[in-house]
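> Return a 3D structure for these sequence lines:
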Amino acid sequence: FNVTFMAKVDSSDLLRKPNMKWLKGKWLDLGSKAGKHVQFKETYDRNSKVYTYEMSIIKVVEGDAGGYRCEVTSKDKCDSCTFEVTVEAVQEEQPANILDAFKRSGDAGEDAGDLDFSALLKKREKKARDEPKEEVDVWEILKDAKPCDYEKIAFDYGITDLRGLLKRLKKMKKVEPKKSDAFLKKLEQCYSVDKGKRTQMHVELHDPNVQVKWLKNGVEIKPSAKYVFECVGNKRTLTINKSNLSDDAAYECVVGEEKSFTEVFVKEPPVTITKLLDDVHVVVGEKVEFECEVSEEGANVRWMKDGVELTKDGKYRIKKDGKKHTLVINEATIEDIGMYYVYTNGGESKGELEVEVKELEVLQSIADLSVKACEQAMFKCEVSDEKVVGKWFKDGVEVKPGNRIKVSHIGRIHKLMIDDVKPQDEGNYTFVPEGYALSLSAKLNFIEIKIEYVPRQDPPKIHLDTSSTGSKNTIVVVAGNKLRLDVEITGEPVPTVCWMKGDTVISEAEGRVRVETRTTLSSFVIEGAERPDEGQYSIIVTNPAGEDRAELTVKIVDVPNPPENVRCMGVGEDTATITWDPPKFDGGAPIKGYLMERKKQGSSRWTKLNFEVFESTTYEAKKMIEGVFYEMRVFAVNGIGISQPSGNSKPFMPIAPTSEPTRLTVEDVTDSTCALKWRPPERVGAGGVDGYIIEWCKEGGEGNTYRVKGLPTGEKLLFRVVAMNIAGRSPPCTMKQSVTVREIMEYPKIRLPRQLRTKFIRKVGEKINLVIPFQGKPRPVVNWLKDGEPLENKSVGIRTSDFDTILFIRSAERDHSGTYTLSVQIDNMQDKADIHIQIVDKPGPPINVMVTDVWGFNAALEWKPPKDTGNTDITGYTIQKADKKTQGWFTVYEHNRRPSCTASDLVMGNEYSFRVFSENICGLSDEVAFSKNTAIIGKTDLEYNKPAFKEKDMSSSPKFTAPLVDRVVVAGYSTAISCAVRAYPKLILIYNDSLPRPNTNPDDAGVCSDASNTEMQCHLGARIQAFLKVRTIHVLQRNIIFVHFD
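Below you'll find the model as predicted:
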């Protein structure tokens, strides 16, 4: 069976659309389960402002039983409702083989698992292999198998209802899990996470150094910004960031040969429609747009009409822009009328399309023509729609354009021109607009010219035919159109023609207004008629036989001027009353009515409000949004057409007055005043509250307070309050009982706050702000004292109102401590209260810290309390020690209450010094006291005899460790030769100047030597005949000899 639950939400007091959630149990959001089994529907009634939410469960199963809850939220408001679903299964005989309960009928298609009557009617032979031979073996296999192998086992044994199989398997007796050698704690059976959120999976291992692998659907996961691996001790964590539907999979943690399995379920929140579809009203051929907004960007929506899903084709276009979805119909037709739906997985909305057929209006019809041979015949008509096309017919046969016949369509004007008219062109011509049940007809008369000789003279005669204009001798011309009046003239001899406008003769010269004269025909032509062309015209024809005269009136008509002074006269909750002045010029034709358009301020899209002309100059616009600024414009319509739009009205906002204020009460009454207090209106609307009007008469918006003054003493008065905004006055809120204007006497009383009834303690530098309310009528006199003296300290501020007094100190000091006395007095009545304020600070250091005794590994310390206790009691001391070797301080005791202590566990052989901090409620003292003596922990019963020191003989004979090497130098450059000598004690070099000088022959070599027992020679090659001598011999501390030559 199917079951549907319905919840209705009244949104009349809500500023925006509420959010609805359907939950099962404590946390399961059913929005993520939307589909064929669970369906959601949402509708909105604009009149009652009630949202209707429906949840349908299709084909209820046993798993649907349980507790459900629906929650609706809007900003800080929330409401919920709970209900239970009980599913009673049909009693059926248990099959012999329990596995048959989970097999679906193979011929049922999408309804597999349900009762298939067509399959039952077929006669089939039972096959022995339909049932496993041993039922127990299959269940044992499932019990011992891993979760990832369930699907394979079910396939092998012909079990297709895997979900039902798993549920039944869970109900069976659970087998005690085997202890794992690798895992202390395995993964949970499953994890559930909302789309876009983060989830973590943890395992604990026996060996903290072992490596693990994480698999997703059997594929190893590599570390990345999305998948983060963590290793802390023996705990391994896999973190999945920003979960999406692709993360809904099976996961494994592999340690060696062992595995731990789990499943991750990603819940996708339902996509709801935040902006509903609006009804659309257009005329045939106009563009239609249905627009909605959803809660998620990029969400998929379905557009449907009459149960058929709409797709992109030549007629429909579907656009997506973030959360906005639009269905576009390029050119609306009558077939498009109907209800259009948009569906998401969390809601739906509908909008109605109304298409109206606009009537085609004939602005100028075609007229009968009479033409002679070889002349041109032109039929012309004008319709109201520029886009209309049509066909020309002659005697019911369509006219095809050719060399002589031309068809043109320019704007609203359609023409048929026939050159070189022949007798066969005579007939009835018809213009038929396509798509309209309308036709325009006229007749073409061919005039044969017959020449007769009349010996006598005929007086001139004007054959003026204006019957087609509807008024005798009056021709009406639309401004901008061409007027051509052909007048046939007879007379013998040929008469002379003269056209005049008033007393002005119209010449035959080329121009916009001209006269074209032929033998028996005179044509009056006006190209692009204008308003000054209007007036009385006369035609005079004369010949020797006489004279003839005709008068005619030309009237120029045009579209009217736009209406003027469009303005808003009043507004409602979703309506506005608009009025305007008629146009100054009606175009020469009576005004038939008006067309109105409106738009939101700042928008460029105008919306038509009426398709039929509206005759009055006052219009009430409806179905507007409260709190949104609109602009209006008006078009005037006459028999010629539609005027240009009027100027935009000043922006106006549809808004309604507020509801009446609430909880009007009297707060205070004196001999001539009364203080009133009330709450803002429950329904304020978008216009807010500009203020209130208070009214009173004699008997016979968070909280607002106002004192009415100048009232008659002793009178019983009634009061009422009215809220005001730009929409006007709200209904009044009236007091039920009258108020007697008389002062009420009240004794002075101080209402001391609870925290001030005991000692008020604050630290130095903190702010103090004491607010002490009091009562009394008339207003009592307030006085402050400190320690019995008037309070004159400038750093202590006092502020007093009618109901309380405030004592404040911006930065507390210790001299602010004391007893403050507050007194309130009315005449001889008085009330007092004492406030004890104590300002405390950190204490000073202890005095005279001494090590009084040392024994074993212990040392006894004593000291005296500090001189400055910080204006409060000392709560304890902190003692620290440091040995002379490391000079590092370590805490021995904290919060030691006595001025003495014993330091234990000292290290033998070390010398210790001590320091002590004082402590109160503000903390440890900033300064510290050091012990005047130290504690030496001596070694007992042990004596160390140092061995005699024997100095090592470091003497060493001189020895060259780096010999001299040969050098070749260029004359004029410096050079150095060096050698290294090792010897102890310090080496003494003696330069023997008695050695023979080197030879000046460049090919000879010089010899250097020292006076030590070890001798080394150096050969220095010379390239010039110059004497090289040893200038200096340097002996460094490292026994390196440098010999420098010039």
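
> List the residues that contact Asn241.
The contact partners of Asn241, by Cβ atoms under 8 Å, 6 or more residues apart in numbering, come to Arg198, Ala225, Lys226, Tyr227, Val228. Yep, even glycine has a C-beta here, placed from its N, CA and C like the rest.

> what about Ile556, neighbour count?
The criterion is other Cβ atoms under 10 Å. On that basis, Ile556 has 22 neighbouring residues.

> Check the one 3 residues further on too.
Residues lying near Val559 (other Cβ under 10 Å) number 24.

> surely it meets Gly639?
No. The pair Val559 and Gly639 does not pass the contact test of Cβ atoms under 8 Å, sitting 9.6 Å apart.

> which ones among the contacts of Asn241 are found in strands?
If you go by DSSP state E, those have Tyr227, Val228 in strands.

> Turn the contacts of Asn241 into a markdown table, including neighbour count, pLDDT and distance to Trp606.
What follows is the contacts of Asn241, written out as a markdown table (neighbours: other Cβ atoms under 10 Å; pLDDT from 0 to 100; distance: Cβ to Cβ, whole Å):
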| residue | neighbour count | pLDDT | distance to Trp606 |
| --- | --- | --- | --- |
| Arg198 | 12 | 89 | 49 |
| Ala225 | 7 | 87 | 50 |
| Lys226 | 13 | 88 | 50 |
| Tyr227 | 15 | 91 | 55 |
| Val228 | 14 | 91 | 55 |
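
> For Lys600, state which of the contacts of Asn241 is nearest.
When the contacts of Asn241 are ranked by distance to Lys600 (Cβ to Cβ), Arg198 comes first, at 41.9 Å.

> Tell me how far the closest residue to that closest one other than its chain neighbours lies from Ile221.
The shortest distance from Arg198 to any residue other than its chain neighbours is 5.2 Å, reached at Asn241 (Cβ to Cβ, 6 or more residues apart in numbering). For Asn241, the distance to Ile221 (Cβ to Cβ, to the nearest Å) stands at 13 Å.

> Now do the shared contacts for the two.
Applying Cβ under 8 Å, 6+ apart, one finds that Asn241 and Ile221 are jointly contacted by Tyr227.

> show me the contacts for Glu84.
By Cβ under 8 Å, 6+ apart, the residues touching Glu84 are Gly66, Gly67, Tyr68.

> And it, which helix or strand is it part of?
Taking DSSP states H and E as the definition, Glu84 sits inside strand 77-85.

> just the strands in the stretch 801-950 of the chain please.
Remark: strands of the stretch 801-950 of the chain, listed N- to C-terminal, are 804-809, 818-826, 829-840, 847-855, 858-864, 876-883, 890-896, 900-903, 911-920, 923-924, 929-930, 935-936; assignment by DSSP state E, counting those that start in this stretch.

> For the ones you listed, give me TSV that also has mean pLDDT, distance to Gln364 and mean neighbour count.
Rendered in TSV, the data for those read as follows (pLDDT from 0 to 100; distance: least, Cβ to Cβ, whole Å; neighbours: other Cβ atoms under 10 Å):
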stretch	mean pLDDT	distance to Gln364	mean neighbour count
strand 804-809	92	87	17
strand 818-826	91	95	18
strand 829-840	91	99	17
strand 847-855	92	120	15
strand 858-864	93	121	18
strand 876-883	94	110	20
strand 890-896	92	109	14
strand 900-903	93	120	16
strand 911-920	94	107	21
strand 923-924	92	102	16
strand 929-930	93	117	16
strand 935-936	90	126	18
